[in-house]
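Asks: pasting the sequence and the predicted coordinates here, then a few questions.
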Amino acid sequence: MKIKKIIWAGVGCAALLLPAAHAQNAYPQKPVDVIVPWGAGGGADVMARILAKWLESDLKVSFPVLNVPGASGMIGLGKMVSLPADGQTIAVLTGDSLMMAATPKATFNLSDSLALAVLLRQPSGIFAPKNSRFKTWEDVVKNSDKEQVTLGITGPNTADDLTARYLKTRGVALTGIPYTKPGERYSAVIGGHVDLLYEQAGDVRSFLESGDLRPLIFFSPKRLPPPFADVPVSSEFGYEVLLPQVRAVLIKAGTDPQKIKRLGDSIERFKRNPEYLKFVEQQLALPDGYMDGPTAQPFLLSELGALKKLLAAYGDK
C-alpha cells in the first residue's frame, strides 16, 4: 500500500507541474509594445492601433501602442532593434522609413529586423487639380520640355524627389517643390501654387471624391482596380520606377522562431478582420497588398535595394 501511495503522489506532482511548465512557455505572457515611429493620428498610427486591438483580443494580452516619432521613423525603429530579441516589442515600418534606411548613413539597418507581414501597399501617383491645363499624363509629357512644370513633393531625396529626377531622364522635366507638411502640399496644388502633386490616393481621398484632384498616372506594373481602372500606369510608358507606399510590421532579428510564428499566425488571421479590410478600402490601397512574413521579408529587401540604386543614380551627391 505504501508503494502505491508513493506512485500516485508522484503522478499527482507531475500533473501539477505540467500546467505550470506550459504556462511558462506560453507566449506572450506579458504586454508586447507596438512602436509607431510617427506621431499619433497618421495612417501608420491608425493601422497599428487596429492591429494592436486585434492582437489583444486574439492572444489575450495587452499590446500598448507607443508613438516614438523622429527622423522619418529612424528613432522608433532604432529603439526596437536596440532592445532584446525577446518578442516583447514590434514596430511599424513605412515606405518613408524604408527610404531613410536606404541612405548611406542610416541609423536603422533593415537586416536587424524580420518582417511579420506587409499590411498595406499603396501605389504612388501624380495628381492634377480640377482646373489644371494638364488633362492627361500625355499632356505633361508633351509640354514639360516647353514650360516649367512644378511638382509638390515632401522633400529632397524622398521617393517623390527621386521619381521626379528619374522622369527627367525619360524626357519629363518636373521641378520638385518641397512641402514637409501634407496639408501645405495639398493646399499648394489646389491653390495653383504648384502644377502637380506626388502622393498616394488614400491620403487625398477627400479631394478625389470632391473632384478637386484627379490622378494622371500611377506608378504600378498594371492598372489598378476601380475607381482607377481608366488611369494609365508607369509600365505603359516604360518607366522603371514604382516606389509604392508600404506599411509593414517588424520584429527584431534573432527572436525565437516560435514567438515569430505565434505573432505571424495571429496576423494571418487579422487579414480577414472587417476593421482591417475597411481601413484598406478607406486608404484606397491594393486589395491584394497583404503579404505574410516569408513573402514580406524578400519584398522589403528588394524595395530597399531599388531605393539604394535610385539614390546612387539620382540622389544628392
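Replies: All right, it came through fine.

Asks: residue boundaries of the strands in the stretch 151-300 of the chain?
Replies: Chain-ordered strands for the stretch 151-300 of the chain, with DSSP state E, counting those that start in this stretch as the definition, fall at 175-178, 196-200, 213-218, 245-252, 291-292.

Asks: look up the closest residue to Asp145, ignoring the ones flanking it.
Replies: Nearest residue to Asp145 in three dimensions, chain neighbours excluded: Ala173, at 6.1 Å (Cβ to Cβ, 6 or more residues apart in numbering). C-betas here are computed from N, CA, C, even on glycine.

Asks: contacting residues for the one you found?
Replies: Each residue near Ala173 by Cβ atoms under 8 Å, 6 or more residues apart in numbering is listed here: Ser144, Asp145, Gln148, Val149, Leu167.

Asks: from these, which would you call buried?
Replies: Among these, those classed as buried by 16 or more other Cβ atoms under 10 Å are Ser144, Val149, Leu167.

Asks: quick one: which of the residues you listed is nearest Asp316?
Replies: The closest of these to Asp316 turns out to be Leu167 (Cβ to Cβ; 17.0 Å).

Asks: show me what contacts that closest one?
Replies: Counting by Cβ under 8 Å, 6+ apart, Leu167 has contacts Ala173, Leu174, Tyr239, Val241.

Asks: re the thing from before, tell me which two in the contacts of Ala173 are the farthest apart.
Replies: Maximum distance among the contacts of Ala173 (Cβ to Cβ): 14.1 Å, for Gln148 and Leu167.

Asks: that older thread, for the strands of the stretch 151-300 of the chain, please prepare a markdown table with the additional fields distance to Thr94.
Replies: Shown next, in a markdown table, are those (distance: least, Cβ to Cβ, whole Å):
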| stretch | distance to Thr94 |
| --- | --- |
| strand 175-178 | 18 |
| strand 196-200 | 11 |
| strand 213-218 | 19 |
| strand 245-252 | 5 |
| strand 291-292 | 15 |
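
Asks: so which of those is nearest Asp33?
Replies: So among the strands of the stretch 151-300 of the chain, strand 245-252 is nearest, using Cβ to Cβ, at 11.1 Å.

Asks: packing partners for the closest one?
Replies: If contacts are counted by 3 or more Cβ pairs under 8 Å, 6 or more residues apart in numbering; DSSP states H and E, strand 245-252 sits against helix 43-59, helix 74-82, strand 89-94, helix 95-101, strand 113-122, helix 257-270, helix 293-314.

Asks: including mean pLDDT, could those go into JSON lines?
Replies: Below are these laid out as JSON lines (pLDDT from 0 to 100):
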{"stretch": "helix 43-59", "mean pLDDT": "96"}
{"stretch": "helix 74-82", "mean pLDDT": "96"}
{"stretch": "strand 89-94", "mean pLDDT": "97"}
{"stretch": "helix 95-101", "mean pLDDT": "92"}
{"stretch": "strand 113-122", "mean pLDDT": "97"}
{"stretch": "helix 257-270", "mean pLDDT": "98"}
{"stretch": "helix 293-314", "mean pLDDT": "94"}
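
Asks: export these to a markdown table and tack on distance to Val233 and mean neighbour count?
Replies: Converted to a markdown table, the helices and strands packed on strand 245-252 look like this (distance: least, Cβ to Cβ, whole Å; neighbours: other Cβ atoms under 10 Å):
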| stretch | distance to Val233 | mean neighbour count |
| --- | --- | --- |
| helix 43-59 | 22 | 19 |
| helix 74-82 | 30 | 20 |
| strand 89-94 | 22 | 25 |
| helix 95-101 | 18 | 24 |
| strand 113-122 | 14 | 24 |
| helix 257-270 | 29 | 17 |
| helix 293-314 | 17 | 16 |
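
Asks: looking at the protein, which helix or strand does the model trust least?
Replies: helix 2-25 (a mean of 42; mean pLDDT, DSSP states H and E).

Asks: moving C-terminal from that one, which element do we reach first?
Replies: On the C-terminal side of helix 2-25, the nearest following helix or strand under DSSP states H and E is strand 33-36.

Asks: average pLDDT across stretch 131-149?
Replies: Across stretch 131-149, the average pLDDT comes to 95.

Asks: how close does the closest residue in space to Arg170 that isn't next to it in sequence sit to Ile126?
Replies: Closest residue to Arg170 apart from its sequence neighbours, by Cβ to Cβ, 6+ apart: Tyr239 at 6.3 Å. Separation of Tyr239 from Ile126 (Cβ to Cβ, to the nearest Å) stands at 11 Å.

Asks: great, nothing more from me.
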